[in-house]
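sequence plus predicted model, see below.
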Amino acid sequence: MVSAEKIVEQNSANHAVAGDFCRIFEQDADRLYLLSWLLTADHSKAERCFAGGLEDSAKNSRVFKEWAASWARRMVVQNAIRMLRPQSADSRPSNRAADHATERPEISAVLALPPFERFVFVMSVLERYSDQDCALLLDCTRREVMAARARALQRIGSAAEAYRKATRSDGRLPRQLTALTMQVEAVPLLATLP
């Protein structure tokens, strides 16, 4: 006969603990920090977002070990949303691209997006959140998510085109920008979706 203590012990062994999250944040520090930075577009806020994600992950760790890495990324996203409240932020493009002119152009293009568009782009395109998840986390409608993503893709496509014209005389796009350009070509189709 299986005792209740044995069941609780077995279930606890399947869940991530604080040490698991510390290991994830140590191993994936570059990726998690980049996620924080792309969302916040500010290094000091990104550091706070990263640290808050680790703290929240370790405190609220009733997550299966197999889901711990995804949970850590989600905590970073939720911290960034709490910090910036992008759904109510200014809708003008950021001047962050000028601040990071020496950075890679695809990063500069994302940082230059208005906050809401930047969050939608990072969450839906880079992190592959569904439109419904984005809408729930950002406290908006699916239609607003789709429209913001379309605008973000158009802006990034324009930036990619300008970069291409400025750097390539042979007409080939740099590899990182090719995927963004392909997504921009799908924007008219996205705009027709309900």
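Cool, got the structure.

wait, what's in contact with the residue most central in space within the chain?
By Cα atoms, centre = their mean, the mean C-alpha position of the chain lies nearest to Val122, the distance being 3.6 Å. Val122 sits next to 35, 38-39, 110 when contact means Cβ atoms under 8 Å, 6 or more residues apart in numbering. All C-beta spots, glycine's among them, are computed from the backbone N, C-alpha and C.

which one of those is nearest to Lys59?
Minimum distance to Lys59 across the contacts of Val122 is 19.5 Å, recorded for Leu35 (Cβ to Cβ).

dump the residue contacts of that closest one.
73, 76-77, 122, 126-127.

picking up where we left off before, closest to Phe50 out of the contacts of Val122?
Nearest member of those to Phe50, counting by Cβ to Cβ, is Leu35, at 8.5 Å.

how much space separates the closest one from Ser44?
16 Å (Cβ to Cβ, to the nearest Å).

swap in Arg143?
34 Å.

in the longest helix along the chain, what's buried?
Secondary structure of the chain read by DSSP state H shows that its longest helix is helix 142-167. Within helix 142-167, the residues scored as buried using 16 or more other Cβ atoms under 10 Å are 142, 144-153, 155-157, 159-160, 163-164.

show me how this structure divides into domains.
Using automatic domain parsing, the domain parsing of the chain gives 1-84, 89-194.

mean pLDDT added to those, as TSV?
Formatted as TSV, the domains of the chain follow (pLDDT from 0 to 100):
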stretch	mean pLDDT
domain 1-84	84
domain 89-194	76
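
need the helices for this structure, in chain order.
Under DSSP H, the chain gives helices at 4-14, 18-27, 29-40, 43-59, 68-84, 96-99, 105-111, 115-120, 131-138, 142-167, 175-185, 187-191.

just the ones you listed: most buried one?
Each of these was scored by mean neighbour count; the highest is helix 115-120, a mean of 26, by mean count of other Cβ atoms under 10 Å.

give me the helices and strands touching that helix, please.
Contact analysis of helix 115-120 by 3 or more Cβ pairs under 8 Å, 6 or more residues apart in numbering; DSSP states H and E lists helix 29-40, helix 68-84, helix 131-138, helix 142-167 as its packing neighbours.

distance from the chain centre to it, please.
How far helix 115-120 lies from its chain's middle: 9 Å, per Cα atoms, centre = their mean, to the nearest Å.

what comes into contact with that helix?
Contacts for helix 115-120 (Cβ under 8 Å, 6+ apart): 38-39, 41, 80-81, 84, 86-87, 89-91, 94, 110-111, 134, 138, 145, 148-149, 151-152, 155.

export that helix as PDB, just CAs?
Provided in PDB are the C-alpha atoms of helix 115-120 (Å, rounded to 0.1, in the frame of the first residue of the first chain):
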ATOM      1  CA  PRO A 115       6.700  49.600 -26.100                       C
ATOM      2  CA  PHE A 116       3.500  47.800 -26.800                       C
ATOM      3  CA  GLU A 117       4.600  46.800 -30.300                       C
ATOM      4  CA  ARG A 118       8.000  45.700 -28.900                       C
ATOM      5  CA  PHE A 119       6.300  43.500 -26.300                       C
ATOM      6  CA  VAL A 120       4.000  42.000 -28.800                       C
END
